[in-house]
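J.: structure for the following, please:
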Amino acid sequence: MLATTLAACETKVQAPVQPVQVPPVTEPPRPLPPPTADVEVEPAPPSGPVPPMQEGVRVAFLAPLSGPNAALGRALLDAAQLAVFEVGDDQLVLLPRDTRGTPEGAAAAAESVIAAGARLIVGPLFAADVPAVAARARPAGVSVLSFSNDLSVAGPGVFVMGVPPRAQIDRVISFARSRGLSRYAGLLPNNSYGAAVESALRAATERVGGQLTVIERYDPATTDASPVVRRLASYEARRANLQQQRRELEGREDEASKQALRRLEGIDTLGEVRFDSLVLPDFGDRLLSIAPLLPYYDIDPNRIRLLGTSLWDDMRVTREPALIGGWFAAPPPEAREPFNKRYREVYRREPPRLATIAYDATALAAVLARNEGGPDFSIEAITNPVGFAGMDGVFRLLPDGSIERALAVMEVQRARFRTISPAPETFEEQTQ
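T.: Numbering: from 1, shown residues only. Modelled structure (predicted):
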């Protein structure tokens, strides 16, 4: 298996990042049984089991390996093992631990791996677990590469590897502005994710010189968002305008008025909404239940551009007529597809969307572990300003714990997504 791996760029990049080629893997990695919080389990290389106390460069992997999220945690561990076998050398030892999906479990897992000599922690999965891990890791001088995209848990030595809403909104709004759109609205879930999107939307709108005309929020637990969509559409006022116009025309006998009255037949409202693009960042069943309400209340997707986030990366979206033609920002699919193919070949199942993040975090650890001068997990090495090329495209980690990612803009089409603005291949390219 010839794999492209995560690689550090040169200090001054004048050309696209060239990925490192790794030797073929003669035997695929085997999935491990789910580790428990109190049993140290290290991944077996293709040749056989590794003694639990094997010497080497130890990197911890924290994820929920039991409980309701065990299947996801196990899949992320499989992706991490794939990175170890493709990118790591014989000295890299992965220490998986079960966080049980709770802050208490994450704290116990962090204490366990630090006591076992871990030089770097990959994980945990949930933002709520990150502070518990950070509280143990910082005093020990161990950095954390969490899978979260919640920037509120980031800080010096504690990094988020997920794709933050801020980066996605900034990318899609910048692209929309370049296409002549300038009046934005938001239809957001009333939760912490919606708050993060709103903050990002306000900042992006101001940066591009646009106008944020309206924000509406809905309860994410609701089964009917109709009242909120009606408000967003100014439906009552626009319907009143139509009725008023009809009454005025009905009292006239001239031919022009009669023709105008005929043109009003078959429509429900009169007048335009206050925006030319609408940010709708939800996903799954909620997105698919809200989207059809937009044309029902006269928000015409043929006239109003719908904008989303990487949460739209779901083939069901391509089957919803109201979302056809919408744009969303996401990691470049061409970078991810080779990984997905290898994962399917090795594990005989589809990888979850977060698998590439687990792979990239572990691959980054492997690259730093095989540094020419010896393993280097320093903040300076992790925050190499030139960045790294991973399975989700080019990224770089910043000293404040946040992440920058080079994202593509995708368009929803029938039965597929089409890249309409490719992701930059270097950060130099992104800033030009």
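
J.: surely residue 229 is in contact with residue 297?
T.: Yes: counting by CB atoms under 8 Å, residue 297 is a contact partner of residue 229 at 5.2 Å. Where C-beta positions appear, they are placed from N, C-alpha and C, glycine not excepted.

J.: what touches both of those two?
T.: residue 235 (CB atoms under 8 Å, 6 or more residues apart in numbering).

J.: now do the contacts for the residue nearest the centre of the chain.
T.: Computing the C-alpha centroid of the chain and ranking residues by CA atoms, centre = their mean puts residue 163 first, at 3.8 Å. Contact analysis of residue 163 by CB under 8 Å, 6+ apart lists 149, 310, 330-331, 392, 403, 405, 407.

J.: which among those gets closest to residue 419?
T.: Minimum separation from residue 419 among the contacts of residue 163 (CB to CB) is found for residue 330, which lies at 9.4 Å.

J.: number of residues surrounding the closest one?
T.: When counting by other CB atoms under 10 Å, one arrives at 27 neighbours for residue 330.

J.: which strand residues bridge it?
T.: On the basis of DSSP bridges, residue 330 is bridged to residue 408.

J.: same check on residue 393?
T.: Beta-bridge partners recorded for residue 393 (DSSP bridges): residue 390.

J.: close enough to count as contact, it and residue 406?
T.: Yes: with contact defined as CB under 8 Å, residue 393 reaches residue 406; the gap is 5.1 Å.

J.: shared neighbours, the two?
T.: Common neighbours of residue 393 and residue 406 (criterion: CB under 8 Å, 6+ apart): 332, 423.

J.: so for stretch 180-199, what gets flagged as buried?
T.: 181, 183-189, 193-194, 196-198 (16 or more other CB atoms under 10 Å).

J.: and those, which of them are in strands?
T.: Applying DSSP state E to these, the entries found in strands are 183-189.

J.: TSV for these, including pLDDT and distance to residue 349?
T.: Output for those, formatted as TSV (pLDDT from 0 to 100; distance: CB to CB, whole Å):
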residue	pLDDT	distance to residue 349
183	97	44
184	98	39
185	98	40
186	98	36
187	98	35
188	98	33
189	97	30
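
J.: out of these, what pair is the most spread apart?
T.: 183 and 189 (22.0 Å).

J.: end-to-end on stretch 60-75?
T.: End-to-end span of stretch 60-75 (CA to CA, to the nearest Å): 16 Å.

J.: and it, how far out from the chain's middle?
T.: Put simply, stretch 60-75 sits 19 Å off its chain's centre (CA atoms, centre = their mean, to the nearest Å).

J.: again with stretch 227-246
T.: 36 Å.

J.: quick one: average pLDDT of that stretch?
T.: Stretch 227-246 shows a mean pLDDT of 83.

J.: also stretch 379-392?
T.: 94.

J.: wait, residue 80 touches residue 359, no?
T.: Yes: contact criterion CB under 8 Å: residue 80 and residue 359 qualify, at 6.8 Å.

J.: hang on, the earlier thing: could you dump the contacts of residue 163 to CSV with distance to residue 370?
T.: Output for the contacts of residue 163, formatted as CSV (distance: CB to CB, whole Å):
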residue, distance to residue 370
149, 28
310, 31
330, 30
331, 25
392, 22
403, 22
405, 24
407, 29
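
J.: out of those residues, which end up buried?
T.: Neighbour-count burial (16+ other CB under 10 Å) applied to the contacts of residue 163 gives 149, 310, 330-331, 392, 403, 405, 407.

J.: ok, these vs residue 417, which is closest?
T.: Of all these, residue 330 has the smallest distance to residue 417: 8.3 Å, by CB to CB.

J.: now for the closest one: which residues touch it?
T.: Residue 330 touches 163, 168, 309-310, 312-313, 407-408, 410, counting by CB under 8 Å, 6+ apart.

J.: those in helices, which ones?
T.: Among the contacts of residue 330, DSSP state H puts residue 168 in helices.

J.: of the ones in strands among the buried residues of stretch 180-199, closest to residue 94?
T.: Using CB to CB, residue 189 comes nearest to residue 94 of these, at 35.9 Å.

J.: wait, what's in contact with that closest one?
T.: Contact analysis of residue 189 by CB under 8 Å, 6+ apart lists 217-220, 281-282, 286.

J.: most neighbours among the residues you listed, which one?
T.: Neighbour tally across the contacts of residue 189 (other CB under 10 Å): the maximum, 27 neighbours, falls on residue 281.

J.: correct me if wrong: that one contacts residue 196.
T.: No: with contact defined as CB under 8 Å, residue 281 does not reach residue 196; the gap is 9.3 Å.

J.: list residues touching both of those two?
T.: Here residue 281 and residue 196 have residue 165 as joint contacts, going by CB under 8 Å, 6+ apart.

J.: which non-adjacent residue is nearest residue 112?
T.: Closest residue to residue 112 apart from its sequence neighbours, by CB to CB, 6 or more residues apart in numbering: residue 97 at 5.6 Å.

J.: show me where the stretch 251-400 of the chain has its strands.
T.: Along the stretch 251-400 of the chain, counting by DSSP state E, counting those that start in this stretch, strands occupy 277-279, 305-308, 327-330, 388-390, 393-397.

J.: check the stretch 1-150 of the chain too.
T.: Using DSSP E, counting those that start in this stretch, the strands of the stretch 1-150 of the chain run over residues 4-5, 7-8, 20-21, 57-63, 92-98, 120-122, 143-146.

J.: mean pLDDT for these: which is lowest?
T.: strand 20-21 (a mean of 33).

J.: this structure: helices as residue ranges?
T.: Remark: helices assigned in the chain by DSSP H are 70-87, 103-115, 130-137, 165-178, 192-208, 226-232, 235-250, 255-263, 284-290, 293-296, 333-347, 355-369, 379-382, 427-431.

J.: same list (the ones you listed) but as a markdown table, adding distance to residue 322.
T.: Listed next are the helices of the chain as a markdown table, based on distance: least, CB to CB, whole Å:
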| stretch | distance to residue 322 |
| --- | --- |
| helix 70-87 | 30 |
| helix 103-115 | 39 |
| helix 130-137 | 36 |
| helix 165-178 | 17 |
| helix 192-208 | 19 |
| helix 226-232 | 11 |
| helix 235-250 | 16 |
| helix 255-263 | 25 |
| helix 284-290 | 9 |
| helix 293-296 | 5 |
| helix 333-347 | 23 |
| helix 355-369 | 29 |
| helix 379-382 | 42 |
| helix 427-431 | 32 |
